[in-house]
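K.L.:
Test case, fold it:
(chains A and B)
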Amino acid sequence: MSRVVGWKEGTMETGLIALVMVLAIIPSFHLSAQDIERGKAVYEKWCTGCHGDTGAGDGDAAAYMLPRPRDFRRAVYQIRTTASGELPTDDDIRHVVDQGMPGTAMTGWKSRLTSGDRDAVIAYIKSFSRFFDGAPPQSVDFPSAPRISDDGIAEGARIYGELECFKCHGDRGRGDGTSAPTMSDDWDFPIRPTDLTRPWTFNGGAEVEDIYRAIRTGLDGTPMPSFSDVIDAEIITDEQLWRVAQYVHSLAPGRPRVREVIRAGRTARVPDDPTDSAWVEAEAFYVPLVGQIIVSPRWFTPAVDGIWVRALHDGERLALHIAWSDPSASPDPLWQEWIELLATTVTDADGALEPVQGPDRFTIQFPARLSDGMARPYFLGGDRRRPAYTWRWRSSPDQLEVGTSTGLGQFVAGAGAASDVAHQAVFADGQWQLQVTRTLIPRDTSAAPTFAEGVAIPIAFRAADGSSGETHVRGSVSAWYAIYLDAPISATVFVMPVVATLVTAGFGLLVVWRAQRREGTRRFLPEATCDIFSSSRCSDSWHAAAAKLAHRPATRMLVPLSSRSAAPRSPA
Amino acid sequence: MPKLREILGHPFWQAVALLVAAYLLFKWGIAVLPPLVGFPSAPVPQSVVLQYMLTALVGILIYVSYNEARWRRFKEPINATLVDANKRWLRATLLVLVPALVGFVAYDQSRPKVSAPLQLRSIHPAPPGQITVRGRTIRLAGLENPLRSRGTIEEHSREGRRVYYQNCLPCHGDLLDGKGHFAHGFSPTPLAFDDAGTIAQLTESFVFWRIAKGGPGLPREGAPWNSAMPAWEDFLTEDEIWSVIIFLYEQSGWEPRRWEVEERAEGAGHE
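P.N.:
Numbers count the residues shown, from 1 in each chain, chains lettered A, B, ... in the order given. Presented below is the predicted three-dimensional model:
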């Protein structure tokens, strides 16, 4: 059975499909002048800033992003249901314009432009190329996907090796294959093989169908090939290609939720190195990083765009484990070509990028003083008034400096004894794992902050990839987050509620008893208690005992309460 | 329905209804007001709600005890619950539920909670009277966009578009919705200019101050240490800043707030 894998969202109504088909049939030069005018107006208001007035992909912002905005004149499109080398269908373009391309600067326009405006602008961008004048392109017939199973995923992993995806994407999919440093797209701009463990950055979407489409038809204009020919050559079956897509899908979770507070769980003893199995069990917190575009020199094309943070403490020491994807342990001679290409591509807004590789870097900062109330150091490395207590790690030579910073790159070593802080870094399969450990109480409490349990302590991170020319200032940064060291639960947490409950209950009984005594309906506690808690009348023995206690005839007690108390209180 | 009318006329139930209404108003009602006049809103903190509720309670007690008869009627249902035999079930239930609730609240209060340190910030704090931009002192009150009286708007807007796309885009976004491709990395997130609560509420001079001085130029109540908004005087000329302001209003379709109105109202400052 075969079916066309259509687009999940968007043009589902038949009317729209009909409209799109009509548009696809009419060659662009047949579009009415009015349609062109409308498309042009939308384009010039919303798209020129990136794609340029003439569709050449050279808008004002073009040099400030990687990947660069698409040059429409060549009619090369990445996200297609059509065969490699062919034009996209209007539905394909519509999908990108609606949803945008995750992992790039290309946004989705569904919320901003009406459906008619989007159709018009699509017709307009097609008019930048004569290629669209011919017959409309045809979608490839995709077979339906086999059911996902463990065996299927294992099969997918095998085919991933057989098709040599690892040459570009790396053994563990982190974009660190041996060909990675040499890659450029059809416009000679540098391009990175996608890190397959970050599916939320896949340009065409992260669902199994999206991944299948990407490997089946390829991403034209980039080194990512189409694997249709291996099916045609009967090297693998179509089902096996689906297995590869399912395997890639299984490599990582969906887009992680970002939480403001990182919890450091309590453990008997913190691990000694970043590969310790205790770290696998520890809860991982995702922290997004973005380019430092706030102080000069700014950096618009960061290499590290997110990290995983884990934290544990044992009451004496706090250990942080940071993991991030990086295709190279910098500096690496293999990556010289890459940095040279990069230096001619990215903007030199605040000074040119020197094609010189430095070490990889990672920085962790806390407020130097935790006693400033709501106020914190400036999130970019602190300032003169409120410095940041900072740990700066570099890969080559492997070294961690402890100090105080008053701004990006403004660092003075020596906040307390550097020996307080231990670190270990491991690079493998396109990933850095860095563990940093410090005693909760520093040797010199006046020079470095104390990490107390049970409070949220502000923390922020920065990363730099030396092979992309990144430094302390040109790199990626995070906002302030907080780290919370789990405290042992104190006894008061359980004692307080019990005491509060008992006191309230006692007070309640007292109030009831007083009220009943005042009304003259009950003279002593046992009877009142009996009245409150027993469902029917109290047993005779109760009353007898009560009566004896009160030296009163039992009969008096048995007069129904309501008949006596109702009279004086009947509603006016 | 005489029964309902009886209940509504009874001071005890009136007091209960008033308390519930007051709670709903403090908890959610107040928060819906600012958006009606175009200001962003935030939930009312629990401690503030509690404070208002105490005030409301005192007011209600004064109302019910104001005259003797009403006070007696008010106490009736309470008294009945405490003593009547046919209410023994209600009584027993309350005697169990109320202490249990108090116990739970006590537990909830003393249990260790993992929450980020509170960071309250004022989005539009009062601007300073004057600022110094690249060595030139500029008085903000009454300041107009000088480009509006020179050249054409199209020209300035085109220049402003360049400035915007080369500098502001990664944060404020091509849709002016504050969702550029770097926006998710910052907290607070960049403001959305298509929102009725930002530039639509401001004079161009206020916007000029915010752009020239950025996050670091905010007063303490604006939590300057968290704001990723750069101080653009380090990168842009005065004219570039004024042109990007024109672009923001042209592209979003908003009109800047005018000085005349405010000056007549004798209020030189902004909110």
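K.L.:
buried residues in the longest helix that chain A contains?
P.N.:
Longest helix of chain A, by residue count under DSSP state H: helix A:492-519. Across helix A:492-519, burial judged by 16 or more other Cβ atoms under 10 Å in any protein chain shown covers A:496-497, A:500-501, A:504-505, A:508-509, A:512-513, A:515-516, A:519. From N, CA and C alone the C-beta is placed, and that goes for glycine too.
K.L.:
the domain parsing of chain A - what is it?
P.N.:
A:31-133, A:157-250, A:261-485, A:494-569 (automatic domain parsing).
K.L.:
Kindly reformat those as a markdown table containing mean pLDDT.
P.N.:
Converted to a markdown table, the domains of chain A look like this (pLDDT from 0 to 100):
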| stretch | mean pLDDT |
| --- | --- |
| domain A:31-133 | 94 |
| domain A:157-250 | 96 |
| domain A:261-485 | 94 |
| domain A:494-569 | 62 |
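K.L.:
May I see the ones you listed organised as CSV, with distance to chain B added?
P.N.:
Shown next, in CSV, are the domains of chain A (distance: least, Cβ to the nearest Cβ, whole Å):
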stretch, distance to chain B
domain A:31-133, 4
domain A:157-250, 11
domain A:261-485, 3
domain A:494-569, 3
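K.L.:
Please identify the one among those that comes closest to B:Pro230.
P.N.:
Smallest distance to B:Pro230 across the domains of chain A (Cβ to Cβ): 4.5 Å, for domain A:261-485.
K.L.:
rewinding a little: what about the longest helix of chain A, distance to the chain center?
P.N.:
Counting by Cα atoms, centre = their mean, to the nearest Å, helix A:492-519 is centred 49 Å from the centre of its parent chain.
K.L.:
in stretch B:221-236, what counts as buried?
P.N.:
Residues B:222-233, B:235-236 are the ones in stretch B:221-236 that count as buried (16+ other Cβ under 10 Å).
K.L.:
What mean pLDDT does it get?
P.N.:
The average pLDDT for stretch B:221-236 rounds to 95.
K.L.:
before we move on, what about stretch B:56-64?
P.N.:
93.
K.L.:
Tell me the buried residues in it?
P.N.:
Neighbour-count burial for stretch B:56-64 flags B:56, B:60, B:64 (criterion: 16+ other Cβ under 10 Å).
K.L.:
Show me what it is in contact with.
P.N.:
B:11-12, B:14-15, B:18-19, B:22, B:26, B:70-71, B:74 (Cβ atoms under 8 Å, 6 or more residues apart in numbering or on different chains).
K.L.:
how about the residues you listed in CSV, adding distance to chain A and neighbour count?
P.N.:
Formatted as CSV, the contacts of stretch B:56-64 follow (distance: Cβ to the nearest Cβ, whole Å; neighbours: other Cβ atoms under 10 Å in any protein chain shown):
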residue, distance to chain A, neighbour count
B:Pro11, 12, 22
B:Phe12, 12, 16
B:Gln14, 16, 17
B:Ala15, 17, 16
B:Leu18, 21, 16
B:Leu19, 20, 14
B:Ala22, 24, 19
B:Phe26, 24, 19
B:Arg70, 11, 16
B:Trp71, 13, 13
B:Phe74, 13, 21
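K.L.:
Thank you kindly, that will do.
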